[in-house]
Structures are given as structure tokens and as C-alpha cells.
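Asker: Need coordinates for the following:
(3 chains)
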Amino acid sequence: MSEHLPVIVVLAPLFGAVIVGFFGSRDRRLCFPIALTALALSFICSIGVVHHVATVGAWDYFVGGWESPHGVGIQLRADGVNSLLLLAIAVVALLALVYSIRQDGEKDAEKSPFFYVLFLLLCVGLFGITITGDAFNVYVLIEITALTSYGLVAMGSSRRSRVAAFQYLVIGTVGASFYLIGVGYLYLAVGSLNMADIRAILAANPEIANSRIVGTALVFILLGVWTKMSLFPLHGWLPNAYSYCPSGSANLMAPLVTKVSVYVMIRILFSVFGLGVITENPGWSELVVLIAVGSIVAGSVMALTQREIKKMLCCLIVAEVGYMVGGTWLGDAGRWGLTGSMYHILADAMMTSCLFLAAGVFAKQFGATRLEHLSGLFRRSPWVAGAFTLGGLAMIGVPPMCGFFSKFYLIRGAIESGHWLYIVALLGSSLVNAILFFRIFEIAYFGEVPESSEPFEPSEGEGATPRRYAVWRTAPLLIAAALTLLLGIFNRPVIDLIRGTVVENTGIVSMEE
Amino acid sequence: MQKLFATIAVIITGAILLNAVEDFPRFGDPHSPPNSGVSGGSVSSSVHYLQNTYLDTRVPNVVTAVLADYRGYDTLFETAVILTAGIAVFAILRVVRREDEEESAGSEEKACSGEFSTSDSDGEGRHRVVVGTTCRVVVPLAQLFGFYIIAHGHPSPGGGFQGGVVLGTSFILIALAAGLGSALGRLREDMYLRLACLGVFIYAGIGLLSLFFRRNFLDYGALSGLLQTGGEEMARSHGIFGVELGVAMTVTTVMFALFANLSTRGELKGGL
Amino acid sequence: MMEWMKTTIVPHFNFWIYVVIMMLGLWAAIGKNNLIKKLIGLSIFQTAILLLYVSMGVKEGASIPIVDETMGEAAVDFMAQGGGGAGATAFPINPDLFANPLPHVLMLTAIVVGVATLGVALALCQVIFRDFGTLEEPEILNQIKTIQDDV
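Answerer: The predicted structure is shown next:
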């Protein structure tokens, strides 16, 4: 069985979803254990994949056994770029699942089996996008991810959830269709859908590689992926969609869906078109870095104006996406910008997971949805406040948290390529993050505890949390905060694994620090 | 204002798309890159499919073979997309009633199930005579035709998706003719949700069986020992058929689920 | 002008048609205020992409991609000589006489995805109508602004 690990990572949640759908409506207590088993299996298999990539090298898996000629079947590929992301998805999904345990008697408990089905199918989509090596397969999996997200967002308890889901649906479908048009143009020029095959054909035929079809294909693929990752100015759907969805699904979608779209962009540039697109077209590189800077500024400014915790975190996601897009398109010769972006995908997934879990705990246990409600948090629950502090420090970029190292590598790449505006934006947004989070720390540590210190009973929403479920909700938060710290302390092995693939594929001379 | 923004966006997008039109291959060119491949890469997959499908799988219809065997991984997720649509519509729209109301609703449904009764709760007796009689003739033929399309996916155009839609339509015809209650009596809500999940399970399960024979996922040739066929080609043909059955099951039930939920605004009572 | 039409439009008329249809759909999806009209625009937009892919696979004078042993003398001989089995050489047919099957396969997937998206979108429209009483986007946004914060 161990030679099939790449495909088991994707299949375990799929079987879990189908089994939950089949048996769940009869006995609701079965849903959670089945889902937990499925995601635990994916987690173990993704560890196996990372181990294989770290020790042996890239892993090619041909579904259906159609290995030759190349491109006849669908190929899965695990290398240094995506194996760590697989592991990160598995970890974040497990944490979100443990958080989202539903108790009976909650409103709409009859629909909870289908919440788990949609949750697991979303995980299938995310794993599938990360590990595939076929351009059209990415589209199908993007659509699974999107449809399950629309369903999960619409299950929120507020009336605004459905409107947010509808707006997300229209923009998301247009974005996915742009990606499809891009793949169509690429197929028209090249005649193949397999990523490695397209790369070989473009390398062997420079007149095709420089033709207008391929250029237009790249533009539309990028537009589609930017819509999906909510880069400014295509970010309009994100704050509403992630604020009004149930917290269980926000913890899964917010850290992962946008990051996986950033991975798709990196994969397309890295394995299909080749990084020459960035280095040989400095004009385009400048333009995209400018858009990224715009996204960083817009996200930070929007976050400053928000008084609701979840909306503030969503605006920060827009800024983080700007870091990653800018880092990828820096085009520096030592490829530190690209390495920083890939590391930042992992770091940001962990940080966002930690912060959204914290926001969920605030809402469920303290009824705190706005910044003012957090006063005296440290005295009420020091563990939760401590975990949130760790997440906040990571976002600001304080060593030894992971956020510091990703900013370090991104700035290093920017210095080598001379994009000073990007460096200014990065440092500026770190300052804005510091303002935002220290504002919260001040309220939490030095604010007055409100008089009624019983668990808050919100009038509308998901109901108060009885004591026995509080552990299930707080434990993932503490684990996420600890992982944020560990990812920063142990960043060397991670960076080495990423650099190994980057160097192998782009022929940089030395791996020296 | 919004229309102005839309016009500008559309003009810019259209211009970018049409900018490359001169480089496109001529319409109908049999030697364009998609049709014949480009030098520098491996053999064009389209040419490979046309020349090798019958040898590898004994399935004359190349589209079905490519859909269910060569690119079966994509089709698995496509079936999962349909399942997602059914589940999402249920999760979004379905108005779930408490248990005491459900009992009274259930008894009402039982009253109109069982046959094509021409009198309905709205009392439009005369309408239903024409539609009911026509459907009494058409529905069995439609279902037979649906099964024919599924089974004949191999030698002629057809397959799981197409046949599944026709089968789902037959249930919608029953609902149009004799009321949604009658159709639900034949395909209850918990049944159709379960059958939809079962369809995907069949598809992924057939692929998973190959793993137990130490071959890659969705390699139907590994099943030749299990199915007692002479060589791997017939095993692939049977594997494709099994997979299409799973797809048809999911498509049928989700088509009906979409109709039932959308036409009654989630309440599954009354309706068109 | 005629020259430009002959070289640009006539051999690529399928691309011009699909771009025009797609832009009509995109305009409706962005510019219209009614939610249902947006969905109709989205549907038109996705259908145009289907046209793009299917028109890519057309070959002049080709027939449908159904290939078996009845396809001509050489094929019958090939099968009679025990052709087939693992590792056989390719079937002796001329690929130019059969339409390209791959775009059809890809578009089966795209059609299904379009239907699924439309189903979920219509369900959302029904719930929005049940909650807000209207399907015009400006009115819905107005109503949202005036309700209290009910997160």
C-alpha cells in the first residue's frame, strides 16, 4: 500500500464523505468519528509523502497505470513545492474538524451530517489541487473546492450569509472560468494537458512559447487564480464570505483556500511556463509587484477600519496574499523571493488557522465578536489569550515566530532584485499589523473584566458552549499556536526542502545562505 | 454606474482574448496542435486515444473510454461535483420540520403515493388527465431509454451522465403528472441522498479494488483475475461499465433532488 | 478591409463567435442588478467556453470518434491476424478521419460543473427571496445596511 500514498491522501476524505453521507442521517453520532478517521489517515499518508520527498526525491504517480506515452493518463506529482503544503492542509483540516464538533440540540442539527460531507469534500478538493500534475484536473478540483465553499458559507446563521455566498458564487465562477479559458488557449497552442509535457513542448519550441496565444493563456490563468486568492482588486467577495459563515467552516476555508490558489499560481509559473516568464519580462514583473503592493496596502488599510474581529482577520488575508504574489514575481536571481513565498504559504496557513480558531473561541465562549468585547480576556482565560498572542506576534513578524522568517526571505529577495516599493509596503504592513494587534493586546491584558462573567448567551447564532465541549474547541487553538512557534524555530529543514526543488528545477548555482 | 464598469471590463477582456486570434489554427485543421500534437513533447494524446482505445479497452466509443478510463480520475471528481450540488442544495434550501409536523406531512404524502391518481390536493383534475395519461405511456419508455443509453455507452454515443439525466427526467415526469408526493413515494428523500453517495462510492470503490491487486488507482486491468476475463482489455471494458453505473446512479438521484428541492422551495410539499 | 476579414475572421470565425457570446454573458453577470439575470449571464458565459473547446477539436471531413474492427479493410485484417493484446502496435486507422475526442471529454466535465453551479445558485436565490422578499441586488444591499449587526 505504501507506493500509493499520494492517491490515498486524496481518497481518504472522499470515502469519508461518502460514508458519512450514507450513514450519517440515520445516526448523527457517527459523523464525527468517521470524519476524524478519514482526515487522520490523510495526515499519516501526507507525512509519508513528505518523508519520501525529503529522502528520495520527487514522486510521480500515474493514475490508471497509463505511464507512457506521457500525458495519456493523469499524473500526480509530489515534490518539494507541494508535499509540505499537503501536510499543512492535513494539519489545519484536522484542527478545524476537532473544533467543529457539534452537540445535539443545536439549531439545525439535522443538517450536521451534510456539514461534515461538505467539509470532507472541501478537503478532497484542497488535497487534489495540491498533488495533481495535470492542468485540467486542477480546474475540476477548483470547482469542487468552490462548490463546497458556497454550500458551507450559505449554512451560516445570519441572513447575510446567503447574499455573501451568492456574490462569492458569481465572482468565483467567473474566476474559475477564466482559468479554464487559459488552459484552453494553452491546449490550443501546445496540444497537451500534462504540466511536465507542456513545459517540455514550450522549451523545445520557442516560437510557440513567445506567441500571443501562450501569453494570453498566461494572463487568463493568472486572472482566474488571482480571483480565487482574492488579490486586490478582485478581493470583494472575501470579507463578507468568511465573516458570515459558520466558525467551523471559516477555520477550514480561511487558512487554506486562498493559499492553495497561491500554490496553483506558483505551480503554473514554476512547472508549466518556467520562471523565465518573470525574469525575461521585467515590465510584467514590475506590474504584478505593483498590484501586489496595492493588495498589501488595501488589506492593511481595510483592516485598520474594522471593529469586528473576523472581518479584520479577513482583510489581513488580502494583505498576506499580496506578500506571496509579490514575492513570487520579484524575479531575483537567487530565487529567495520564490522560496519566501512558498514558506509563507505554510506559515500563513498556520497563523491564519491559529487566529481564526481564536476568533471562533471568542465568539462561542465569550460571545465576543467585536474588539471591545475582548476586554479582560487574559484574566478570564489566560491560555486562549496566550495562544492568540502567539498568533498575533507571528503576523507582525516577531522572531522566532514563522512570520519573521518568511518576511526575512521575502525582503532578502526584494533587496536582490531592487523592488524597494515592495520592501516599504512589507515593512509598512508589519507596522500596521503591530498597531492592530497591540490594540487588541492592550484591551485583553489591561481591560476591565465585564461584571457578568458567566458564559455569554448570544441571542442569535450558534448557541452557548457547555463546559464539556470547551476543551474540544480550545485544544486545536493551543496546538495551532504551538505549531506556529515550531514552524518558526525549525524553519531550516523546511527551507532546505523547498530550496532543494527550486535549485533542481531552475539551475541556480549555489544554495548558499 | 455598474453598467459602465461592466462595459469597460467586457471591452478590455474581449480585446485581450481577440488579440491572439491571428495565431490560432484554422477552424477544422486536422493538423493543429490539439489534433495532432507538436514536436518536442510526447506523442499527441488525441492520436494515441484514436489509435489505441480499441486495443487497450475493447470499447469502440473513444469518448467513453477516455472519460472513464484514461481520464477516469477527472470523472471521479466530476461525479463528486454533482454529489456536492445535491448535498449543498439540501443543506441550503431544505426546510427541516420538527418531528410532530413531520408525521402529519408524512401521512399526507402517503395519501397520494402509489399510483397516478388524477385528483390532486389542488383539485386540478382535468389537467392531470391529459398529462397523467401521457406520462403513463411515456415514463416506462423513458426509463428504458435511459437504461439503454447507459448500457450503450460503449458502442455508440452515450454513457453514465447522459443516461442518468434521462432517468432523472423520468422521475420528474412522474412528479409533474401526479404530484411530487407520488414521485417521492417511489424515491424517498433519504433513499435518494443515500443512492447519490452510493454512486460515488461505487466509482471510487472500483478504483480502490485495483490497489488491493497492487496496481495503481483506477487501473481496471488489475481486475481481470477477479472478473475471470481472458485478458486485461475486457476487464477494462467491464470496469468502464461499472464506473458508468455508479455515475448514472448519482446523476439520476441528484437531478431529481434538485428538482424536488427547487420546485417546492425546500419544503417537498405541493410544487408544480 | 476585405483582406483583413479574409485572413482574420473567416478562418477563425468560431473564435470570434465564442468571444462575442462570452462577453455578452460576462456583461450580464457583472452589469445586471437582478440576481436571476446575473445567473443567466453566467450560464451564457460558461456555454461560450464549451463552444471554444468543442470547436478546437473539429477536423474537416471527419466523422465521430467511434473506432472498432468494422472501420475499413485494414482494421478487419489487423484484428483477424490476432492483433490486440498488451503491447500491440497502433490500430491502422487514419486519425484525420475521426474527430478529436479529448475536447468532448473535457467539456462533458465542464457542462456538469455548470449545471451543478447553476443548481446551487438557484437554491441560494430561493433562500434570499425567502429572507429578503426581493431579488434586486440594490434593494437587498439596502436591507442589509439597515438591519442590526446580527452576526
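Asker: Skip the chain neighbours and tell me the closest residue to residue 84.
Answerer: Chain wasn't specified; assuming chain A. A:Leu346 (5.8 Å; CB to CB, 6 or more residues apart in numbering or on different chains). The way it works is simple: take the backbone N, C-alpha and C, and place the C-beta from them, glycine included.
Asker: please go with chain B instead
Answerer: With CB to CB, 6+ apart as the criterion, B:Thr84 has its nearest non-adjacent residue at 4.7 Å, and that residue is A:Leu147.
Asker: Local confidence estimate at that neighbour?
Answerer: pLDDT for A:Leu147: 94.
Asker: Was I right to think it contacts B:Gly86?
Answerer: No. A:Leu147 lies out of contact with B:Gly86 (CB atoms under 8 Å); the separation is 10.6 Å.
Asker: Just want to know which of these two has more residues nearby.
Answerer: Neighbours were tallied for A:Leu147 and for B:Gly86 using other CB atoms under 10 Å in any protein chain shown; the higher tally belongs to A:Leu147 (30 against 27).
Asker: contacting residues around the more buried one?
Answerer: B:81, B:84-85, B:88, C:116-117, C:120 (CB atoms under 8 Å, 6 or more residues apart in numbering or on different chains).
Asker: Of the residues you listed - the most surrounded one?
Answerer: Using other CB under 10 Å as the neighbour criterion, B:Thr84 leads the contacts of A:Leu147 with 32 neighbours.
Asker: residue contacts, that residue?
Answerer: Taking CB under 8 Å, 6+ apart as the test, what B:Thr84 contacts is A:118, A:121, A:144, A:147-148, A:151, C:116.
Asker: Out of these, which end up buried?
Answerer: Among the contacts of B:Thr84, those scoring as buried are A:118, A:121, A:144, A:147-148, A:151, C:116 (criterion: 16 or more other CB atoms under 10 Å in any protein chain shown).
Asker: tell me which of those is nearest to A:Pro6?
Answerer: Comparing the buried ones among the contacts of B:Thr84 against A:Pro6 with CB to CB places A:Ile144 closest, at 17.6 Å.
Asker: Tell me where chain B is predicted with low confidence.
Answerer: By pLDDT under 70, the low-scoring segments of chain B are B:40-41, B:97-127, B:270-272.
Asker: so where do the strands sit in chain A?
Answerer: Using DSSP state E, the strands of chain A run over residues A:59-63, A:74-78.
Asker: now the ones you listed as TSV including distance to A:Ile201, mean neighbour count and mean pLDDT?
Answerer: Listed next are the strands of chain A as TSV, based on distance: least, CB to CB, whole Å; neighbours: other CB atoms under 10 Å in any protein chain shown; pLDDT from 0 to 100:
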stretch	distance to A:Ile201	mean neighbour count	mean pLDDT
strand A:59-63	18	20	88
strand A:74-78	15	23	89
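Asker: Which of the ones you listed sits closest to C:Leu97?
Answerer: When the strands of chain A are compared by CB to CB, strand A:74-78 sits nearest C:Leu97, at 27.4 Å.
Asker: That closest one and chain B, any residue contact?
Answerer: Yes. Part of strand A:74-78 sits near chain B under the criterion CB under 8 Å from any CB of the partner chain, namely A:Ile74.
Asker: other SSEs contacting the helix of greatest length in chain C?
Answerer: Secondary structure of chain C per DSSP state H: the longest helix is helix C:101-132. Under the contact definition 3 or more CB pairs under 8 Å, 6 or more residues apart in numbering or on different chains; DSSP states H and E, helix C:101-132 sits against helix A:135-154, helix A:160-190, helix B:45-57, helix B:62-65, helix B:72-93, helix B:232-263, helix C:35-56, helix C:137-146.
Asker: out of the ones you listed, nearest to A:Ser271?
Answerer: Shortest distance between A:Ser271 and those, using CB to CB, is found for helix A:135-154: 9.8 Å.
Asker: Extract the CA atoms of that closest one and return them as CSV.
Answerer: The C-alpha atoms that make up helix A:135-154 are tabulated as CSV, following Å, rounded to 0.1, in the frame of the first residue of the first chain:
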residue,chain,number,x,y,z
ALA,A,135,-3.8,21.3,-15.8
PHE,A,136,-7.4,20.4,-16.4
ASN,A,137,-7.6,18.3,-13.3
VAL,A,138,-6.8,21.5,-11.3
TYR,A,139,-10.0,23.1,-12.8
VAL,A,140,-12.2,20.2,-11.7
LEU,A,141,-10.8,20.3,-8.2
ILE,A,142,-11.1,24.1,-8.0
GLU,A,143,-14.7,23.6,-8.8
ILE,A,144,-15.2,21.0,-6.0
THR,A,145,-13.5,23.4,-3.6
ALA,A,146,-15.6,26.3,-4.8
LEU,A,147,-19.0,24.5,-4.7
THR,A,148,-18.4,23.1,-1.2
SER,A,149,-17.3,26.5,0.0
TYR,A,150,-20.5,28.1,-1.4
GLY,A,151,-22.5,25.5,0.5
LEU,A,152,-20.5,25.9,3.7
VAL,A,153,-20.8,29.7,3.6
ALA,A,154,-24.5,29.6,3.0
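Asker: you'd agree A:Asp332 is up against A:Tyr409?
Answerer: No. Using CB under 8 Å, A:Asp332 is not in contact with A:Tyr409; the gap is 10.6 Å.
Asker: so where do the helices sit in the stretch 401-513 of chain A?
Answerer: In the stretch 401-513 of chain A, the helices defined using DSSP state H, counting those that start in this stretch lie at A:402-417, A:420-446, A:467-489, A:491-506.
Asker: Likewise for the stretch 101-250 of chain B?
Answerer: In the stretch 101-250 of chain B, the helices defined using DSSP H, counting those that start in this stretch lie at B:125-151, B:160-178, B:180-186, B:189-212, B:224-227, B:232-263.
Asker: and the angle for the longest one with helix B:45-57?
Answerer: Which is helix B:232-263. Relative orientation of helix B:232-263 versus helix B:45-57 (axes from the mean of the first three to the mean of the last three CA atoms, to 10 degrees): 110 degrees.
Asker: Helix B:232-263 vs chain C: in contact?
Answerer: Yes. Counting by CB under 8 Å from any CB, chain C is contacted by helix B:232-263 at B:232-233, B:258, B:261-262.
Asker: ok, the contacts of A:Leu147 vs chain A, which is closest?
Answerer: Nearest to chain A among the contacts of A:Leu147, counting by CB to the nearest CB, is B:Ala88 at 3.2 Å.
Asker: For that closest one, which non-adjacent residue is closest in space?
Answerer: A:Gly151 (3.2 Å).
Asker: Hmm, the one you found is touching B:Ile87, no?
Answerer: Yes. At 6.9 Å, A:Gly151 counts as touching B:Ile87 under the criterion of CB under 8 Å.
Asker: buried residues in stretch A:295-312?
Answerer: Neighbour-count burial for stretch A:295-312 flags A:295-300, A:302-303, A:306, A:308-312 (criterion: 16+ other CB under 10 Å).
Asker: Just want the residue of chain C that's nearest chain B.
Answerer: For chain C, CB to the nearest CB, closest residue to chain B: C:Gly31, 3.1 Å.
Asker: which residue packs closest to that residue, ignoring adjacent ones?
Answerer: In this structure, C:Gly31 finds its nearest non-sequential neighbour in B:Ala6, 3.1 Å apart by CB to CB, 6+ apart.
Asker: So what's the residue count around that neighbour?
Answerer: Neighbour tally, B:Ala6, other CB under 10 Å: 18.
Asker: can you list the weak-confidence ranges in chain C?
Answerer: Chain C contains residues with pLDDT under 70 at C:69, C:71-91, C:148-151.
Asker: Give me every residue in it lying close to chain A.
Answerer: Counting by CB under 8 Å from any CB, chain C sits next to chain A at C:26, C:29, C:35, C:38, C:42, C:45-46, C:49, C:52-53, C:56, C:102, C:106, C:109-110, C:113, C:116-117, C:120-121, C:124-125, C:127-128, C:131-132, C:140-141, C:144, C:147, C:149-151.
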